[in-house]
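Chemist: got a sequence here, can you build the structure:
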Amino acid sequence: MKNTFKSISAIALLAAAASSSSHIVLDEPVAQAGASYKAVLRVGHGCTGSPTTAIRVLIPTGLRGAKPQPKPGWTLATRSEKLAQPYSSHGKQITDDVVEISWTAASRESWLADAFFDEFVLRGTLSERPGVLWFKVLQTCETGSNDWSEIPTAGVSTQGMKTPAILLKVLPAGAGMDHQH
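Modeler: The predicted model follows:
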């Protein structure tokens with residue numbers, strides 16, 4: 001138990017360090033394989049002072065059955081595709097799944113001003129495979145955009161990257177984390 005806690009702590013610190021240079025981060029950057037996961041994406045600023053008008057998230061392979069949380073004042077859209085590798089969920093064969101979720105401000109009053117932060121939430125179930133998942137996010141603003149999609153060629157360090165994708169470290173099942181819904 002002591003070694004499991006140390007490894008979870010070390011991985012959490014690594015994930016936090018990897019995301020600290022990012023301006024969109026996951027509230028919980030570590031999760032357990034096979035578990036339900038609630039991804040809370042925190043948007044910390046606009047685009048060079050310009051307010052955020054839309055957020056588009058590409059769902060990484062390894063997060064299944066993604067469902068977005070509606071946000072008052074924002075229009076919600078999802079895009080599904082046929083899966084290369086179908087999976088089973090609750091006794092049903094899943095052949096198509098959500099691959100993209102977007103929130104678009106319904107009016108100027110709903111724009112996210114650069115001076116504020118907000119959260120965009122989705123949930124899904126992680127595959128049984130531990131490793132890393134990268135959420136690529138396109139942040140569109142009144143003027144310009146930030147394409148948070150850079151992924152390191154090796155490892156998980158995003159240090160020095162201008163617009164890194166958002167890292168989720170997936171631990172092996174039974175790693176001693178609390179189960180999320």
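Chemist: for the residue most central in space within the chain, list each beta-bridge partner.
Modeler: Centroid-nearest residue in the chain: residue 135, 4.5 Å away (criterion: Cα atoms, centre = their mean). Listed by DSSP bridges, the beta-bridge partners for residue 135 are residue 166.
Chemist: so which helix or strand takes in the spatially closest residue to residue 128 that is not a sequence neighbour?
Modeler: With sequence-adjacent residues excluded and distances taken as Cβ to Cβ, 6 or more residues apart in numbering, residue 128 is closest to residue 34, at 4.6 Å. Any C-beta I mention is one placed from the backbone N, CA and C, and that applies to glycine too. Following DSSP states H and E, one finds residue 34 outside all helices and strands.
Chemist: mind pulling up the pLDDT for residue 34?
Modeler: Looking at residue 34, its pLDDT stands at 95.
Chemist: can you check residue 22 too?
Modeler: Residue 22 is assigned 47 on the pLDDT scale.
Chemist: look up how far residue 118 lies from the residue nearest to residue 128.
Modeler: 30 Å (Cβ to Cβ, to the nearest Å).
Chemist: quick one on the thing from earlier: who touches the residue nearest to the centre of the chain in this structure?
Modeler: Residues near residue 135 by Cβ atoms under 8 Å, 6 or more residues apart in numbering: 26, 39, 41, 57-60, 165-168.
Chemist: for the helix or strand harbouring residue 66, packing partners?
Modeler: For residue 66, the element it lies in under DSSP H and E is strand 63-68. Judged by 3 or more Cβ pairs under 8 Å, 6 or more residues apart in numbering; DSSP states H and E, strand 63-68 is in contact with strand 74-89, strand 92-105, strand 118-126.
Chemist: buried ones in that strand?
Modeler: 63-64, 66, 68 (16 or more other Cβ atoms under 10 Å).
Chemist: let me know the closest of these to residue 45.
Modeler: For these, the closest approach to residue 45 (Cβ to Cβ) belongs to residue 68, at 21.7 Å.
Chemist: show me what the closest one bridges to in the sheet.
Modeler: As for beta bridges, residue 68 partners with residue 122 under DSSP bridges.
Chemist: contact partners for it?
Modeler: Residue 68 touches 76, 78, 101, 103, 120-122, counting by Cβ under 8 Å, 6+ apart.
Chemist: nearest to residue 47, of the helices and strands packed on strand 63-68?
Modeler: Residue 47 lies closest, by Cβ to Cβ, to one member of these: strand 92-105, at 13.6 Å.
Chemist: show me where pLDDT drops low in this structure?
Modeler: For the chain, residues meeting the criterion pLDDT under 70 lie at 1-22, 176-181.
Chemist: one more pass at 90, please.
Modeler: 1-23, 85, 88-90, 154-155, 174-181 (pLDDT under 90).
Chemist: CA atoms only for stretch 116-136, dumped as PDB, please.
Modeler: Output in PDB follows, covering the C-alpha atoms of stretch 116-136 (Å, rounded to 0.1, in the frame of the first residue of the first chain):
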ATOM      1  CA  PHE A 116     -12.100  34.900 -16.100                       C
ATOM      2  CA  PHE A 117     -11.800  31.100 -16.100                       C
ATOM      3  CA  ASP A 118     -14.400  28.400 -16.600                       C
ATOM      4  CA  GLU A 119     -14.800  24.600 -16.800                       C
ATOM      5  CA  PHE A 120     -16.100  22.400 -19.600                       C
ATOM      6  CA  VAL A 121     -17.100  18.900 -18.500                       C
ATOM      7  CA  LEU A 122     -17.400  15.500 -20.100                       C
ATOM      8  CA  ARG A 123     -17.400  11.900 -18.800                       C
ATOM      9  CA  GLY A 124     -16.700   8.500 -20.200                       C
ATOM     10  CA  THR A 125     -15.200   5.200 -19.300                       C
ATOM     11  CA  LEU A 126     -11.500   4.500 -19.700                       C
ATOM     12  CA  SER A 127     -10.300   1.400 -21.400                       C
ATOM     13  CA  GLU A 128      -8.600  -1.300 -19.400                       C
ATOM     14  CA  ARG A 129      -5.200  -0.300 -20.800                       C
ATOM     15  CA  PRO A 130      -3.000   1.900 -18.600                       C
ATOM     16  CA  GLY A 131      -0.800   4.600 -20.200                       C
ATOM     17  CA  VAL A 132      -1.400   8.200 -21.300                       C
ATOM     18  CA  LEU A 133      -4.200   9.900 -23.100                       C
ATOM     19  CA  TRP A 134      -3.900  13.300 -24.800                       C
ATOM     20  CA  PHE A 135      -6.900  15.500 -25.100                       C
ATOM     21  CA  LYS A 136      -6.500  17.900 -28.100                       C
END
